Every structure is written in structure tokens, then in C-alpha cells.
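Student: Structure for this input, please:
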Amino acid sequence: MASLFRITSSNIFRPSSSRSLATAAAKQPYKSDPNTHFKITLRRSAIALGERKKETLVALGLHRRMQTVYHVHSPEAAGKILKVKELVEVENVPAKAVRSQTEQRQERKASRGYQVQGTKLGGLAWEAS
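Tutor: Below you'll find the predicted structure:
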């Protein structure tokens, strides 16, 4: 009866199928660059939680829901993320995927719907120098 429940290392570490490995590789858009940053997005509010959780979110730079910040991989950042893991969504990204707050705002901004080709005024007095 004891032999029925024996677990060997060969059946623990065996990959289940090649498809699972292929889908895991397909999810990572930047496969040539090493992942060096955490992309952290606040998904849930911390209103009803304790002060320490709120202070951890502030230390990460998260102030409102759906806000995204980037942090370099470090033990300090990883520890803060683990403290609020139920509130945030974390993704590993390479350095070239890191966006500043201004760049994120420009990406979200809708187009104007028109483009100014020129004006009849030419140049304004305060613009000429």
C-alpha cells in the first residue's frame, strides 16, 4: 500500500506537454531582452485595509486604482509587492518597455480628430523672436 503513494523525481519535474511551454513563451512579447523591471498596476482599492498596507502602496508609488508604476528588480521592491500581492498585478518587463508617467499619459490620450495645417495669422507677436 505504501508503494502506491511513492512520488519519484521523474514524475514531478516532467513537463506535461510541449504546448504548455509554447504558450508560456508566446505570452512574453520581449523574449530577446532580459526582464529587469516590475510593471506594477494597482487593481484593487486599499480603503478598508490597515495603515501598513496603505503605506506600502505609497512606498511603491501607487496612489489610485489602475495606476501603473515600474520598479527595477530588487529585494526591496519584491518584498513590498508581496505585502500587497492581493491588490496589485505584477508583470516582468525588459528595460525598453518601461514608460514614464508622461509617456503613459500620451498613450492613453485620444487623437484630436483634426490636424492644424496652418493659420491665417502667420506668426503671433510673442512667438517671433
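
Student: Where does Ala78 sit: helix, strand or coil?
Tutor: helix (DSSP: H, G, I helix; E, B strand; the rest coil).

Student: Skipping its backbone neighbours, what lies nearest it in space?
Tutor: Closest residue in space to Ala78, ignoring its immediate chain neighbours: Phe38 at 7.7 Å, by C-beta to C-beta, 6 or more residues apart in numbering. For glycine as for every other residue, the C-beta is placed from the backbone atoms N, C-alpha and C.

Student: The one you found contacts Glu76, correct?
Tutor: No - using C-beta atoms under 8 Å, Phe38 makes no contact with Glu76, being 11.1 Å away.

Student: more crowded one of those two?
Tutor: Phe38 (22 against 10; other C-beta atoms under 10 Å).

Student: Quick check: pLDDT value at that one.
Tutor: pLDDT for Phe38: 96.

Student: beta partners for it?
Tutor: Judged by DSSP bridges, the bridge partners of Phe38 are His71, Asn92.

Student: follow-up on the earlier one: residues contacting the residue nearest to Ala78?
Tutor: For Phe38, the contacting residues are 70-73, 77-78, 81, 90-93, by C-beta atoms under 8 Å, 6 or more residues apart in numbering.

Student: What segments of this protein are strands?
Tutor: Assigned by DSSP state E, the chain shows strands spanning 35-42, 68-72, 88-94.

Student: Who are the packing partners of the shortest one?
Tutor: It stands for strand 68-72. If you count contacts as 3 or more C-beta pairs under 8 Å, 6 or more residues apart in numbering; DSSP states H and E, strand 68-72 packs onto strand 35-42.
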